[in-house]
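can you look at this prediction? I've put the sequence above it.
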There are 2 protein chains.
Amino acid sequence: MQTRPITVGGRPLGDGRAPATCAPLVGRTLAALEEEAAVVAAKRPDLLEWRVDFFAGIADSAQVLAAARAIHARADGIPLLFTRRSAREGGEAIPLDEPGVVALYREVCASGLFGLVDFEMENDPAHIAEVAAMAKEAGAGLVLSFHDFKRTPPVAELVARFGQAARLGADVAKVAVMPADAGDVLRLLEATLQAGRELSVPVISMSMGGWGTLTRLCGGVFGSALTFAVGRTASAPGQMPIEDVRAALAILRQGMGR
Amino acid sequence: MQTRPITVGGRPLGDGRAPATCAPLVGRTLAALEEEAAVVAAKRPDLLEWRVDFFAGIADSAQVLAAARAIHARADGIPLLFTRRSAREGGEAIPLDEPGVVALYREVCASGLFGLVDFEMENDPAHIAEVAAMAKEAGAGLVLSFHDFKRTPPVAELVARFGQAARLGADVAKVAVMPADAGDVLRLLEATLQAGRELSVPVISMSMGGWGTLTRLCGGVFGSALTFAVGRTASAPGQMPIEDVRAALAILRQGMGR
């Protein structure tokens, strides 16, 4: 598939064939995360995403770093993505203000445990610049992301979102939106195709929910470099079991002769 | 998926869930067709298409009817589609002129063995009217089809092709085109979606070749009522084994919650 691969430490994720698979970790406690990381890592996704907004200890950086180390120890070499998803964009409510979140990203980046960090492009531009700088210093790739759980914006607006991420210094530009119908799914794929052709950084995209299912399987054909799939527990509507995603990708690749 | 089902004798193909699967039969001799029909029918496609242009005895109506009866006997209740694909639209060269083809359709329709017949909308309008009338008289559904093995026309032109089929009296409108890239695939899907919303007859569509692979799996999401899949031998570029198509459709439906 015609996709620019995501690299971590200079190496492409997985076997370099797109899309790579990413499984989320959503445990609320250290013990839950330890067990979840082991179970999910055993399914060999190409990337493990820690959704720290689910973690009850998020306001205590010592607890966050202990959990990060525990996940890393159980990841069995699978690269890690650190993500705090805001409540505004579909994440959990957390007891940290935005400067607190930035401070948390600073400690997490400095730990060197994460190959990629996700930060939302709707955040304060000063915070984005701070996180971009700290990721660069730590040698971690920066995913700048945009989510709309209510609708699918027009193609031009979606393309602009990918471009905004690249302009703000993203190593990877991610856009996830909610379709109301099959036409919205085509708009997301069209925007992905355009953005992938225009930008020099890899893009990730998906339509969420039931209508968007096919984008989690076929997005790579249109340039999406990564698809989220469930190891143990979904983190967004429409995510499918990683076994199913892998089986469908294998059929699609076989059909495409790749 | 939001698709108008194809009916044969008033009953929807397969289990009524779209897309239905259709496997082609391409044997050159009666013996080859007998064996092929048995093997392919055992894989339980929802429809069996006899591509009569592959049949060496096509110019002898007695041989054609004998082969049709042999296929029907081995179809084990699976409805049959009769198709002569012209060389102009990707079929085999045959030793029959167009009036001879129309005469063949007349005998085949009268046999009552076929639930559906496919005729190309680029044929002489008088021939289309004749075939439409004989299909109606025989109680067979008429598929009017258009194929472009070289390119993917613009969306408006594709939508017009579906509409042309409906205007000419089709019970099913079929369009198959060749994509040059992923953008062409989106155009075919967009046209399918539009045509399915505008027309009262079921539509079938596909992008052929490697790029088009995903349309054979996900076309139903955009309204395509049927997908061609290989039982024994492919009849067009990009067709995948029916086992793979079924597995991918099951994963897609599961993800969509249908």
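In hand now; what should we look at?

what does chain A put close to chain B?
Contacts of chain A with chain B, taken as Cβ under 8 Å from any Cβ of the partner chain, map to A:2, A:182-183, A:185-186, A:189-190, A:193, A:210-211, A:213-214, A:216-218, A:221-223, A:238, A:240, A:244-245, A:247-248, A:251-252, A:254-258. For every residue, glycine as well, the C-beta is placed using N, CA and C.

so which of those residues belong to strands?
Counting by DSSP state E, the residues of chain A next to chain B place A:M240 in strands.

out of the residues of chain A next to chain B, which are buried?
A:182-183, A:185-186, A:189-190, A:193, A:211, A:213-214, A:216-218, A:221-223, A:238, A:240, A:244-245, A:247-248, A:251-252, A:255-256 (16 or more other Cβ atoms under 10 Å in any protein chain shown).

restricted to helices, list those residues.
A:182-183, A:185-186, A:189-190, A:193, A:213-214, A:216-218, A:244-245, A:247-248, A:251-252, A:255-256 (DSSP state H).

how near is the closest residue to chain B within the stretch 101-250 of chain A to A:F222?
Across the stretch 101-250 of chain A, no residue is closer to chain B than A:T213, which sits at 3.6 Å (Cβ to the nearest Cβ). Here A:T213 is placed at a distance of 15 Å from A:F222 (Cβ to Cβ, to the nearest Å).

not counting its neighbours along the chain, what's nearest A:A103?
The spatially closest residue to A:A103, leaving aside those adjacent along the chain, is A:S61, at 7.5 Å (Cβ to Cβ, 6 or more residues apart in numbering or on different chains).

rewinding a little: so the residue of the stretch 101-250 of chain A closest to chain B touches B:L249, yeah?
No: using Cβ atoms under 8 Å, A:T213 is not in contact with B:L249; the gap is 11.5 Å.

show me what contacts A:M208?
A:F149, A:A176, A:V177, A:M178, A:P179, A:A236, A:P237, A:G238 (Cβ atoms under 8 Å, 6 or more residues apart in numbering or on different chains).

can you pull the contacts of the residue nearest to A:D244 when sequence neighbours are not counted?
Spatial nearest neighbour of A:D244, excluding adjacent residues (Cβ to Cβ, 6+ apart): B:I251 at 4.6 Å. The neighbourhood of B:I251, defined by Cβ under 8 Å, 6+ apart, consists of A:L217, A:M240, A:D244, A:V245, A:A247, A:A248.

cutoff 7 Å now
A:D244, A:A247, A:A248 (Cβ atoms under 7 Å, 6 or more residues apart in numbering or on different chains).

how about the second one, what does it touch?
Applying Cβ under 7 Å, 6+ apart, we find A:A247 in contact with B:A247, B:I251.

could you rerun that using 10 Å?
A:L217, A:P241, B:D244, B:A247, B:A248, B:A250, B:I251 (Cβ atoms under 10 Å, 6 or more residues apart in numbering or on different chains).

using TSV, lay out those together with distance to B:A129 and pLDDT.
Output for these, formatted as TSV (distance: Cβ to Cβ, whole Å; pLDDT from 0 to 100):
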residue	distance to B:A129	pLDDT
A:L217	43	98
A:P241	52	97
B:D244	39	97
B:A247	42	97
B:A248	39	97
B:A250	41	96
B:I251	43	97
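
could you pull up the residues touching A:Y105?
A:52, A:82, A:84, A:114, A:117-119, A:127, A:130-131, A:134-135, A:138, A:140.

A:R253 now?
Counting by Cβ under 10 Å, 6+ apart, A:R253 has contacts A:M1, A:R17, A:A18, A:G220, A:V221, B:G210, B:T213.

how many neighbours does the closest residue to A:R85 other than its chain neighbours have?
Computed as Cβ to Cβ, 6+ apart, the closest residue to A:R85 that is not its neighbour in sequence is A:G91, at 2.9 Å. Residue neighbour count, defined by other Cβ atoms under 10 Å in any protein chain shown, stands at 19 for A:G91.

that's a helix at A:G91, yeah?
No: judged by DSSP: H, G, I helix; E, B strand; the rest coil, A:G91 forms no part of a helix; its state is coil.

got the contact list for it?
A:R51, A:V52, A:D53, A:F54, A:T83, A:R84, A:R85, A:E120, A:H147, A:S235, A:A236.

that one and B:G139, how far apart?
Applying Cβ to Cβ to A:G91 and B:G139 gives a distance of 58 Å.

tell me the mean pLDDT over the top strand by length along chain A?
When chain A is parsed with DSSP E, its longest strand is strand A:141-148. The pLDDT scores in strand A:141-148 average 98.

which strands or helices does that strand pack on?
Contacting strand A:141-148 under the criterion 3 or more Cβ pairs under 10 Å, 6 or more residues apart in numbering or on different chains; DSSP states H and E are the following elements: strand A:80-83, strand A:116-120, helix A:125-138, helix A:155-167, strand A:172-177, strand A:203-207.

model confidence over the last one, on average?
Read that as strand A:203-207. So the average pLDDT for strand A:203-207 ends up being 98.

export it as PDB, just CAs?
Provided in PDB are the C-alpha atoms of strand A:203-207 (Å, rounded to 0.1, in the frame of the first residue of the first chain):
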ATOM      1  CA  VAL A 203      -0.400  10.200   8.300                       C
ATOM      2  CA  ILE A 204      -2.900   8.200  10.400                       C
ATOM      3  CA  SER A 205      -6.600   8.400   9.900                       C
ATOM      4  CA  MET A 206      -9.800   6.700  10.700                       C
ATOM      5  CA  SER A 207     -13.500   7.000  10.600                       C
END
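
for the stretch 1-150 of chain A, give me the ranges with low pLDDT.
A:1-2 (pLDDT under 70).

could you rerun that using 50?
Low-confidence segments of the stretch 1-150 of chain A, defined by pLDDT under 50: A:1.

surely A:T227 and A:L252 touch.
No: proximity of A:T227 to A:L252 does not meet the contact threshold set by Cβ atoms under 10 Å, at 11.4 Å.

shared neighbours, these two?
A:L217, A:C218, A:G220.

let's have those in TSV, adding distance to A:V172.
Output for the shared contacts of A:T227 and A:L252, formatted as TSV (distance: Cβ to Cβ, whole Å):
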residue	distance to A:V172
A:L217	20
A:C218	19
A:G220	14
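
out of these, which one sits closest to B:E157?
A:C218 (24.2 Å; Cβ to Cβ).

hmm, the closest one is touching B:L217, no?
Yes: counting by Cβ under 10 Å, A:C218 does reach B:L217; the two are 7.7 Å apart.

show me the common contact partners of the two, please.
A:A248, A:L252, B:A248, B:L252.

find the nearest non-adjacent residue to A:R187, please.
That would be A:V155: by Cβ to Cβ, 6+ apart, it lies 5.1 Å from A:R187.

look up how far A:S205 lies from the one you found.
12 Å.

cool, A:E122 as well?
Distance from A:E122 to A:S205, by Cβ to Cβ: 17 Å.

ok, A:I58 next?
27 Å.

and if you look at A:V143?
12 Å.

settle it for me: which of the two has more neighbours?
A:S205 (30 against 27).
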